[in-house]
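Asks: Requesting a structural model of the entry that follows:
(2 chains)
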Protein chains: 2
Amino acid sequence: MFERSILKEIAKKEGVSFSYLESNFRKGRVVIPYSNKRKIKNPIAIGKGLKVKVNTNLGTSTERKEFKDELEKLVVAVKYGTDTVMDLSVGGNLRKIRKEIIKASPVPVGSVPIYEVASEVERRRGGLEKMTRDDIFSVLEEQAKDGIDFFTIHAGILRSFLDILQREKRTSGIVSRGGAILARWMYVNKRENPFYEEFDTVLDIAKKYRITISLGDALRPGAIADSTDKLQMYELFTLAELVKRCRRKNVQVMVEGPGHIRIDEIKFNMWIEKKLCDQAPFYVLGPLTTDIACGYDHIVSAIGGALAALWGADFLCVVTPAEHLRHPSIEDVKLGVIASKIAAHSVDLIRFKDEWERDKVLSLARAKRKWREVFKYALDREKAENYREQKKISLDDICTMCGKFCSLRLIDKCNLLK
Amino acid sequence: MFERSILKEIAKKEGVSFSYLESNFRKGRVVIPYSNKRKIKNPIAIGKGLKVKVNTNLGTSTERKEFKDELEKLVVAVKYGTDTVMDLSVGGNLRKIRKEIIKASPVPVGSVPIYEVASEVERRRGGLEKMTRDDIFSVLEEQAKDGIDFFTIHAGILRSFLDILQREKRTSGIVSRGGAILARWMYVNKRENPFYEEFDTVLDIAKKYRITISLGDALRPGAIADSTDKLQMYELFTLAELVKRCRRKNVQVMVEGPGHIRIDEIKFNMWIEKKLCDQAPFYVLGPLTTDIACGYDHIVSAIGGALAALWGADFLCVVTPAEHLRHPSIEDVKLGVIASKIAAHSVDLIRFKDEWERDKVLSLARAKRKWREVFKYALDREKAENYREQKKISLDDICTMCGKFCSLRLIDKCNLLK
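Replies: Residues are numbered from 1 along each chain as shown, chains lettered A, B, ... in the order given. Now for the predicted structure:
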């Protein structure tokens, strides 16, 4: 299914053996999003025993249609270490944007095809309720031909769950864009989720183009008050069933997860996904541990993401400070990527020698006040250098924080360092 | 020891019963930093079963002596919800700065008296090694008279620990400013830590002015590679012994904790402090889960602080993005306070009904796209409002992120919300 050379390259980067990677890939505990229409400069694998990966969302909105900014976001996200990107565009010439992003991206590219289906049907026929199965599968086929590496497919939200939601209500309803599109379609047309009904057609396309399926969590909680509720669990049971169907057809699959989750429920959420979905890689959107930090959700997501990664999440979706408020700027994307990388690295350093060494080398340089060496190993070198403001300091080996009372300088002669 | 009215006021704010508060206060599991020389506008308690508290460090450095900025930092820190502040000044007229901060502060004020001792001896006699016991205790007495509510006292770093450190080395040596001052003094004078030797004198002053002792962790790890090492543990055992001595004299005491700690060792660190120190309130400086995020340590600290709070930490010290790099700006302090409040609130919301309700009300408003209501409950209203950019949006109930494909708008007619 894959060239041996790709697996070899990935195993080397991860610091795991070829046979470990291959065996977990075979079992579906590791996925490698890599379309057979693509040549990816930095291929990656996601899953068990590997480093925690980070995805950055790009894409125009109906209010922000210029795609040049999206290409710049791609550059910034890659610079700060994103492992994949997703094109979530819903405004402008969608095919053109997708092709540009795929062409420019050195990392795997994902999409949520239902966005394009809904956008096109809305534009052409004036209402997304008018989507047909042919609309859906022709977009999937076209995106696949263009070289998308992984598809988010919201096949787990069923009509019966909507009935429950209408009866029992929720604080935040449905906060997944793809989930809401399908929910509205089901509500108006009184029909079952087409992705669920025709999941085999999805699998045929995925198989043909070697696309990894990312099972979307349309019913993820969008508020702490909805954390780990019945609807979230019902959908997860459905996703677990779909994981089996993917594996039976030899289609790579991962599972998407919450969302807004209480800090004391994150561990359970990681465990239950791994158990129900037989260790399928878990791709989490946060989780966010509070709803009130508008403008700082990248920090909230760093908290939730670090805990999730510690307890089993394999793949973190970047949340920017603009989340819930606006279409993110380039700077928002940068801040979001860095926050997610901090979360991922906080866990990777306890598991991988090379990651551990990076902190150690930086700290030893810091203790010796070798500033250039510190900057070299910092996550964001420019920021660290700008903060230092060297010119304004009276002694070149200290910083303005403690000045002459720098603890490290005070004990310099005591010979305490490794 | 305390006016009943203060305990009543605090119990009400915390949403706990008067008897719960009083009983835990008596047992030393809760402290109320409140000097008998002060009238505090917003008194608070720290400890078991109470909301997680946040402290913000203020103070000049030898390179930044202007104290007007420090007073502005106080205003900003209080605005964003700090529960206490500490004056850590080492530059300029220290007594004047302290008095100004105490006068202006509506919250308890702490200090690290050894900073002033070292600064003054350095200035007058050209070397902090020349400190005498009288220098130390006259500063303690003066600061107490000025109305400081809590003192950080680094009485747990002993000469024998320095011998171990010299023999076994560390990646980051000693990163506590107070700890390094005392270590240097002990190293040069070949004498025991004066705070340890004369701990009873410290207790006499604390008792006279009703000052809470915060036992400093001079040997906290300053690098992940030193996380939970022997020296950190040795000091903690000494602090546990000192907790007993404080309680025997009816002096309120809390314990300071790390520092740079591996994410998978935070839980143990919280447990061992609570066990050894018989549930004395735990005041943590971070913990930081990675060393490489220079310029973003407020985010790292939010991760570590949230975990620490979840597992028992009572009091979080703000870490700003300037940590390890420079004396923080007013904006740095704001970002640091908000990051710590996010960590504290992420845990408080699972324990306190009023905190839980805040997220719920905000999320329900968000689901109904009542933006003004969302902003009202946000941690930083101005930031949220600025991000929204309302004027640039075609429909006033959505944001630029999803535009017309706002999930909440799509399912508006489905009647799914609580």
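Asks: contacting residues around the residue lying closest to residue A:389 once chain neighbours are set aside?
Replies: Using Cβ to Cβ, 6 or more residues apart in numbering or on different chains and skipping the chain neighbours, the partner closest in space to residue A:389 is residue B:326 (5.7 Å). Every residue, glycine included, has its C-beta placed from N, CA and C. Contact partners of residue B:326, counting by Cβ atoms under 8 Å, 6 or more residues apart in numbering or on different chains, are A:387, A:388, A:389, A:399, A:400, A:401.
Asks: Would you enumerate the residues in contact with residue A:306?
Replies: Taking Cβ under 8 Å, 6+ apart, we find residue A:306 in contact with A:342, A:343, A:344, A:346, A:347, B:263, B:289, B:303, B:307.
Asks: Assign the fourth one to helix, strand or coil.
Replies: What it means is residue A:346. Three-state call for residue A:346 (DSSP: H, G, I helix; E, B strand; the rest coil): helix.
Asks: residues in contact with it?
Replies: By Cβ under 8 Å, 6+ apart, the contact set of residue A:346 is A:306, A:309, B:263, B:289, B:290, B:300, B:303.
Asks: Which members of those occur in strands, if any?
Replies: If you go by DSSP state E, the contacts of residue A:346 have nothing in strands.
Asks: Top of these by number of neighbours, please.
Replies: Neighbour counts for those, by other Cβ atoms under 10 Å in any protein chain shown, peak at residue B:289, which reaches 34 neighbours.
Asks: where exactly do the strands run in chain A?
Replies: Secondary structure of chain A (DSSP E): strands at A:30-31, A:46-47, A:53-58, A:84-87, A:109-111, A:150-153, A:212-215, A:253-257, A:282-284, A:315-317.
Asks: who touches the second one?
Replies: Strand A:46-47 is contacted by residues A:24-25, A:29-33, A:53, A:83, A:254, A:279, A:281, A:283, A:314-315 when judged by Cβ under 8 Å, 6+ apart.
Asks: was I right about residue A:374 contacting residue A:362?
Replies: Yes. Using Cβ atoms under 8 Å, residue A:374 is in contact with residue A:362, at 5.7 Å.
Asks: Does chain B have contacts with stretch A:146-153?
Replies: No. With Cβ under 8 Å from any Cβ of the partner chain as the criterion, chain B is not reached by stretch A:146-153; the gap is at least 13.9 Å.
Asks: okay, now the residue of the stretch 251-400 of chain A found nearest chain B: neighbour count?
Replies: Nearest residue of the stretch 251-400 of chain A to chain B, counting by Cβ to the nearest Cβ: residue A:363, 3.3 Å away. Per other Cβ under 10 Å, the neighbour tally for residue A:363 reads 28.
Asks: remind me which residues of chain A are low pLDDT?
Replies: Where chain A drops to pLDDT under 70, the residues are A:1, A:390-391.
Asks: residue nearest the centroid of it?
Replies: Geometric centre of chain A, nearest residue: residue A:317, 2.4 Å, by Cα atoms, centre = their mean.
Asks: That one and residue B:383: what is the separation?
Replies: Using Cβ to Cβ, to the nearest Å, we find residue A:317 at a distance of 22 Å from residue B:383.
Asks: Closest to residue A:370 out of the contacts of strand A:46-47?
Replies: Proximity of the contacts of strand A:46-47 to residue A:370 (Cβ to Cβ) peaks at residue A:83, which lies at 30.3 Å.
Asks: By proximity to chain B, which residue of the stretch 1-150 of chain A wins?
Replies: Taking Cβ to the nearest Cβ, chain B has its nearest neighbour within the stretch 1-150 of chain A at residue A:62, 3.1 Å off.
Asks: ok, that residue - contacts?
Replies: With Cβ under 8 Å, 6+ apart, residue A:62 has these contacts: A:90, A:91, A:119, B:394, B:402, B:403, B:404, B:405.
Asks: if we go to 7 Å?
Replies: By Cβ atoms under 7 Å, 6 or more residues apart in numbering or on different chains, the contact set of residue A:62 is A:90, A:91, B:403, B:404, B:405.
Asks: In TSV, list these along with distance to residue A:174 and neighbour count.
Replies: Output for the contacts of residue A:62, formatted as TSV (distance: Cβ to Cβ, whole Å; neighbours: other Cβ atoms under 10 Å in any protein chain shown):
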residue	distance to residue A:174	neighbour count
A:90	17	24
A:91	21	21
B:403	17	21
B:404	16	18
B:405	12	23
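Asks: ok so, going back, among the contacts of residue B:326, which ones are buried?
Replies: A:387, A:388, A:399, A:400, A:401 (16 or more other Cβ atoms under 10 Å in any protein chain shown).
Asks: Mark which of these are part of helices, please.
Replies: A:387, A:388 (DSSP state H).
Asks: Please parse chain A into its domains.
Replies: Chain A is divided into the following domains under automatic domain parsing: A:4-351, A:354-414.
Asks: tell me the most buried of those domains?
Replies: domain A:4-351 (a mean of 22; mean count of other Cβ atoms under 10 Å in any protein chain shown).
Asks: Of all the residues in the stretch 201-350 of chain A, which one is nearest chain B?
Replies: Closest point on the stretch 201-350 of chain A to chain B, by Cβ to the nearest Cβ, is residue A:223, at 3.3 Å.
Asks: I'd like to know which of the strands of chain A is closest to residue A:354.
Replies: Using Cβ to Cβ, the nearest of the strands of chain A to residue A:354 is strand A:53-58, at 15.6 Å.
Asks: Which strands and helices lie in contact with the closest one?
Replies: Judged by 3 or more Cβ pairs under 7 Å, 6 or more residues apart in numbering or on different chains; DSSP states H and E, strand A:53-58 is in contact with helix A:68-79, strand A:84-87, strand A:315-317, helix A:330-348.
Asks: contact partners of the shortest one?
Replies: With contacts defined as Cβ under 7 Å, 6+ apart, strand A:315-317 is touched by A:46, A:52-55, A:57, A:254, A:281-285, A:305, A:309, A:340, A:343-344.
Asks: Tell me which residues touch the closest residue to residue A:257 other than its chain neighbours, please.
Replies: Leaving aside its sequence neighbours, residue A:257 sits nearest to residue A:284 (Cβ to Cβ, 6+ apart; 4.4 Å). Listed by Cβ under 7 Å, 6+ apart, the contact set of residue A:284 reads A:257, A:258, A:305, A:308, A:313, A:316, A:317.
Asks: Now with 6 Å, please.
Replies: Residues near residue A:284 by Cβ atoms under 6 Å, 6 or more residues apart in numbering or on different chains: A:257, A:308, A:313.
Asks: Let me know the closest of those residues to residue A:183.
Replies: Taking Cβ to Cβ as the measure, residue A:183 lies nearest residue A:257 of these, at 18.8 Å.
Asks: so which of the contacts of strand A:46-47 comes closest to residue A:112?
Replies: The nearest member of the contacts of strand A:46-47 to residue A:112, counting by Cβ to Cβ, is residue A:283 at 12.5 Å.
Asks: quick one, what contacts residue A:116?
Replies: With contact set as Cβ under 6 Å, 6+ apart, residue A:116 has these partners: A:94, A:139.
Asks: how far away is it from residue A:156?
Replies: The spacing between residue A:116 and residue A:156, counted by Cβ to Cβ, is 20 Å.
Asks: ok, and the closest non-adjacent residue to residue A:207?
Replies: Using Cβ to Cβ, 6+ apart and skipping residues adjacent in sequence, the residue nearest residue A:207 is residue A:251, 5.4 Å away.
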